[in-house]
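Visitor: Structure of the sequence below:
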Amino acid sequence: MSRISHALIPLAAALLVACAPPATTSPNAVQVPDCTGRVTSFDQPARKIVTSNAAGLEILLWLGAQDLVIGTGFPPGKGELPAQFSAERIPSLGGDASGGSMLGISREQLLGSGADTYVEAWGALAGMDDVATPEQLAQVGIRKFLLRSTACAAAMNGPQTDLTVLEGDITRLGAITGRLRQAEQVIAGMNTTLAEVGKAVKDVPEAERPTVFFFDFDAGTDAPTTPCNRQVANAVYTLAGARNAFADCDGDFTKTGWEEVVKRDPDWIQLGIRNRGDAAADQRAFAEAETFLSTFAATRDLKAVKARRFLRIRSEVTTTGGVRNADTVRQIAAALYPDRVR
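Guide: Residues are numbered from 1 along each chain as shown. The predicted model follows:
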């Protein structure tokens, strides 16, 4: 079963040899590629970091680098971060995504933030035109760090079936913040979880692995949006011993029709809702999504709906690259294979 490598993470310069710096760059610099292959060289550690949203912020918290973060765009909502973390003292430089609004960091806010590093998780989202260019960032001394596991999904050459790209994100963040040892420990913990699940499901034939349809309830119900094979969710499902119901779709996400979902008749459906602020509110949202599927004419006779095979797992830990992807793998596997996975 494919999973993150068990080998210890080498030093940053050796790890990133595939993205070799130009001859004029320090041999000890950390090279951070974007989705097009353009490389940003970090020859000095990050000391003042701004993150675009909670995705990059959470990884930095796992690395113990919260003291380096001076601001974030979409601040994490109540209940969005793991219980052991708090972002209350980290200034919000943008708005929030509640109500469907997309009020992140403006160009002026980012360029005037005083940051030396900008950690971006999603790239330029649709409808967000006020984005600082690499040239503008360079003029004020800001280096851009792109979380490739999420931001570059659509540009990948093939499907994501393991968390190797995410491993690279965590390792490079550890390298530029002086937390490489912490990055090793975080990835080792993920490896342990993935190895246990992989061992439990390794002998399940591919053709017998259940299919999972990711129902993005918050993206609307008229035409469902679901992850394709380049998205990190595809890796999560694969590692859990499942098959993405839309694994034949090359890209990150696709907007499809309900008739296509009916044709595929998935074995399981993940109710993809975003954080509502507390567990009770999350459960109400899950119930709303389940009620829709159970009463909507096009979906009420799906085998997963009739058997009530629903995965109540939030979107953020499935479709965004992060440390908790490994826990999501275990959670899905435990639902699909209760006799094999605790």
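Visitor: Secondary structure element for Gly321, which one?
Guide: Counting by DSSP states H and E, no helix or strand carries Gly321.
Visitor: Chain neighbours aside, what residue packs nearest to it?
Guide: Distance criterion CB to CB, 6 or more residues apart in numbering; nearest residue to Gly321, sequence neighbours excluded, is Ser149 at 3.1 Å. Where you see a C-beta, it was placed from the backbone N, CA and C, and this is true even at glycine.
Visitor: does that neighbour count as helix, strand or coil?
Guide: Recorded secondary structure, Ser149: helix (DSSP: H, G, I helix; E, B strand; the rest coil).
Visitor: for it, what are its contacts?
Guide: By CB atoms under 8 Å, 6 or more residues apart in numbering, the contact set of Ser149 is Gln160, Leu163, Val165, Leu166, Gly168, Asp169, Val232, Gly321.
Visitor: nearest to Thr328, of those residues?
Guide: Nearest to Thr328, judged by CB to CB, of those is Val232 at 9.8 Å.
Visitor: Would you agree the closest one is in contact with Pro159?
Guide: No - between Val232 and Pro159 there is no contact under CB atoms under 8 Å: 10.7 Å.
Visitor: Tell me the confidence at the closest residue to Pro82 other than its chain neighbours?
Guide: Of all residues not flanking Pro82 in the chain, Arg324 sits nearest, at 7.1 Å (CB to CB, 6+ apart). Looking at Arg324, its pLDDT is 97.
Visitor: Can you pull out the low-pLDDT segments for the stretch 101-250 of the chain?
Guide: For the stretch 101-250 of the chain, the stretches flagged by pLDDT under 70 are 101-104, 123-130.
Visitor: Identify each of the strands in it and give its residue range.
Guide: Using DSSP state E, counting those that start in this stretch, the strands found in the stretch 101-250 of the chain span residues 117-120, 143-146, 211-216, 225-227, 243-244.
Visitor: of Val232 and Pro159, who's got more company?
Guide: Taking other CB atoms under 10 Å, Val232 and Pro159 do not tie; Val232 has more neighbours (23 against 18).
Visitor: distance of the more buried one from Thr164?
Guide: Distance, Val232 to Thr164, using CB to CB, to the nearest Å: 11 Å.
Visitor: looking only at pLDDT, what's the mean for stretch 46-59?
Guide: On average, stretch 46-59 scores 95.
Visitor: how long is it end to end?
Guide: For stretch 46-59, the first-to-last residue distance is 15 Å (CA to CA, to the nearest Å).
Visitor: Any buried residues in that stretch, and which?
Guide: Neighbour-count burial for stretch 46-59 flags Ala46, Ile49, Val50, Thr51, Ser52, Asn53, Ala54, Ala55, Gly56, Leu57, Glu58, Ile59 (criterion: 16 or more other CB atoms under 10 Å).
Visitor: Mind listing the residues bridging to the fourth one?
Guide: Assessed by DSSP bridges, Thr51 has beta-bridge partners Thr72, Val119.
Visitor: thought it was touching Leu60?
Guide: Yes - with contacts counted by CB under 8 Å, Thr51 reaches Leu60, the gap being 7.0 Å.
Visitor: which neighbours do those two share?
Guide: Common neighbours of Thr51 and Leu60 (criterion: CB under 8 Å, 6+ apart): Val69, Val119.
Visitor: if we can go back for a sec, could I get the contacting residues of the residue nearest to Pro82?
Guide: So Arg324 contacts Glu58, Pro82, Val317 (CB under 8 Å, 6+ apart).
Visitor: Can you lay out those as a markdown table showing distance to Gln283 and secondary structure?
Guide: Converted to a markdown table, these look like this (distance: CB to CB, whole Å; DSSP: H, G, I helix; E, B strand; the rest coil):
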| residue | distance to Gln283 | secondary structure |
| --- | --- | --- |
| Glu58 | 22 | helix |
| Pro82 | 18 | coil |
| Val317 | 16 | helix |
